[in-house]
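Q: Structural data only, the sequence is not supplied:
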């Protein structure tokens, strides 16, 4: 699949991870988010969507490309 045809999802860290348990903090780090208000774009795969679902109270889905 070419880079232009890959589905992507953009997420933003809306809350800090200081009060989270270590597994949730590791999941947020795995998504490539380090600081509050940081935005990252990832491939829209089942594993990434599962990670987002685990920390949905901390992140915000900004956009999805089809």
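A: Received it, and whenever you're ready, just let me know what you need. Keep in mind that what you see is a predicted model, and the values were worked out from it rather than measured.

Q: quick one, what contacts residue 17?
A: Applying CB atoms under 8 Å, 6 or more residues apart in numbering, one finds that residue 17 lies in contact with 24, 25, 28, 58. The C-beta positions use only the backbone N, C-alpha and C, and glycine is treated the same way.

Q: where in this structure is pLDDT low?
A: For the chain, the stretches flagged by pLDDT under 70 are 1-4.

Q: Of the contacts of residue 17, which pair is most distant in space?
A: Spatial extent of the contacts of residue 17 (CB to CB) is set by the pair 25 and 58 at 9.4 Å.

Q: out of these two, which sits in the more crowded spot?
A: Between residue 25 and residue 58, residue 58 has the larger neighbour count (other CB atoms under 10 Å), namely 22 against 16.

Q: right, and the more buried one touches residue 14 too?
A: Yes: between residue 58 and residue 14 there is a contact at 6.7 Å, judged by CB atoms under 8 Å.

Q: ok, which stretches of the chain are helices?
A: Taking DSSP state H, the helices of the chain run over residues 22-30, 46-54.

Q: Now distance to residue 8 too, for those, in CSV please.
A: Converted to CSV, these look like this (distance: least, CB to CB, whole Å):
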stretch, distance to residue 8
helix 22-30, 17
helix 46-54, 10
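
Q: closest one to residue 6 among the ones you listed?
A: Nearest to residue 6 among those is helix 46-54 (11.9 Å), distances taken as CB to CB.

Q: tilt between the closest one and helix 22-30?
A: 130 degrees (axes from the mean of the first three to the mean of the last three CA atoms, to 10 degrees).

Q: show me where the protein has strands.
A: Along the chain, counting by DSSP state E, strands occupy 8-13, 39-43, 59-64.
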